[in-house]
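Asks: need a 3D model of the sequence below.
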Amino acid sequence: MRSRDPFGAAVEKLRGQIRRGEIAPGEPLIVLDLARVLSFSATPVREALAYLAGEGLIDGRREKLRGYATWTLTAVDLADLYRLHATLVLLALGEAARRGAQLDLGRALAGADDLATAAGYARATELVFDRIVRGAGSAVIRRAHRVVADRLHLVRLLEPSILTEAAQELRNLAAFNDAGALLAQAIRTYHRRRAADSERLLAAAQRRASAGPSAP
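Replies: Numbers count the residues shown, from 1 in each chain. Okay, here's the model as predicted:
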């Protein structure tokens, strides 16, 4: 049965494939090829690509590409993404503190899947940071954070296999209930560790992308 909202369905399918690394970094996004694979007509796929390029999830530099592509990623780029994510989360944390928001981050883990699985860990990470960002009460920060979180999702799937005690670090963050200085320091430490290991994390992401969608 065809979707009543083919544009929205195309956006979410493409977003999911890019987040999981099923479309490799730097790969051209050809409208007709994607339409065939996704079982949509070309129009909603073309509109979805334009939307995702506007979000910043894909590269839409038409003068160079004559189309769209997933972003290429270097170790420096990945380290910068972690630093940018830290900046946005800390900005949100400051706003949450100003508003007197109670974060209760443990509730985010309570709604997550098993942290022992890659998908469960990545989802839990997303929920914890999203709860901090929502505490700021800013739609602007939330939109910016979503783009960076989407671009980090593939690497988050791989963090537990590269970084020892990654899941415990996340549990430690989730143990904080308010937006205080100790949580801010824990967030900085969390991101610095990942930025420092960007080369190993990127290599793992590249191996996963090369292995295709069936990779564990």
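
Asks: quick check: phi and psi at residue 30.
Replies: Residue 30 has phi and psi values of phi -90, psi 120 when expressed as degrees, to the nearest 10.

Asks: not counting sequence-adjacent ones, nearest residue to it?
Replies: residue 67 (7.0 Å; CB to CB, 6 or more residues apart in numbering). For every residue, glycine as well, the C-beta is placed using N, CA and C.

Asks: distance-wise, check that neighbour relative to residue 93.
Replies: 39 Å (CB to CB, to the nearest Å).

Asks: which one's more surrounded, the two?
Replies: residue 93 (24 against 16; other CB atoms under 10 Å).

Asks: report pLDDT for the more buried one.
Replies: pLDDT for residue 93: 96.

Asks: related to what we said a few turns ago, which ones are touching the residue nearest to residue 30?
Replies: Counting by CB atoms under 8 Å, 6 or more residues apart in numbering, residue 67 touches 28, 29, 30, 31.

Asks: residues in a beta bridge with the second one, which ones?
Replies: Read it as residue 29. Applying DSSP bridges to residue 29 yields these beta-bridge partners: residue 68.

Asks: ok, it touching residue 68?
Replies: Yes: judged on CB atoms under 8 Å, residue 29 makes contact with residue 68 at a distance of 4.2 Å.

Asks: low pLDDT regions in the chain?
Replies: 1-3, 61-66, 111-113, 211-216 (pLDDT under 70).

Asks: turn the contacts of residue 67 into JSON lines, including distance to residue 176 and neighbour count.
Replies: Output for the contacts of residue 67, formatted as JSON lines (distance: CB to CB, whole Å; neighbours: other CB atoms under 10 Å):
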{"residue": "28", "distance to residue 176": "43", "neighbour count": "13"}
{"residue": "29", "distance to residue 176": "39", "neighbour count": "22"}
{"residue": "30", "distance to residue 176": "45", "neighbour count": "15"}
{"residue": "31", "distance to residue 176": "45", "neighbour count": "19"}
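
Asks: let me know the closest of the residues you listed to residue 148.
Replies: Ranked by distance to residue 148 (CB to CB), the contacts of residue 67 are led by residue 29 at 20.0 Å.
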